[in-house]
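build me a model from this:
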Amino acid sequence: MLNFDIFKQKSPKQRFLLILGLIMFVFYVVLGFAFIFYEPIALRLSTIPQWGRIAIGIFLIIYAFVRLLSLGRRD
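Coordinates of the predicted model:
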């Protein structure tokens with residue numbers, strides 16, 4: 001199922017950076033969905049129109065996947 005060999009092949013520093021990168025990926029995805037769907041953010045950021053919040057959310061989600069892809073390409 002899950003291949004945990006990537007954790008065994010890396011030094012502790014690389015393993016830490018991999019885990020930190022995965023945590024940041026999850027953070028950006030959650031933040032992007034929060035901008036799109038979470039209503040209290042809409043109330044606090046009432047000066048930003050709804051299409052702007054959706055655009056920011058989509059940008060954050062795309063940015064998270066770009067970071068994840070670059071994390072996978074590192075040696």
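
mind showing which ranges of this protein have poor pLDDT?
1-10, 74-75 (pLDDT under 70).

try it again at 80.
Residue ranges of the chain with pLDDT under 80: 1-10, 41-46, 72-75.

tell me where it has helices.
Here the chain has its helices, by DSSP state H, at 5-8, 12-37, 39-44, 50-73.

can I get the ones you listed in JSON lines including mean neighbour count?
To be clear about C-beta, it is placed using only N, CA and C from the backbone, and glycine gets the same treatment. Output for the helices of the chain, formatted as JSON lines (neighbours: other Cβ atoms under 10 Å):
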{"stretch": "helix 5-8", "mean neighbour count": "10"}
{"stretch": "helix 12-37", "mean neighbour count": "14"}
{"stretch": "helix 39-44", "mean neighbour count": "11"}
{"stretch": "helix 50-73", "mean neighbour count": "14"}
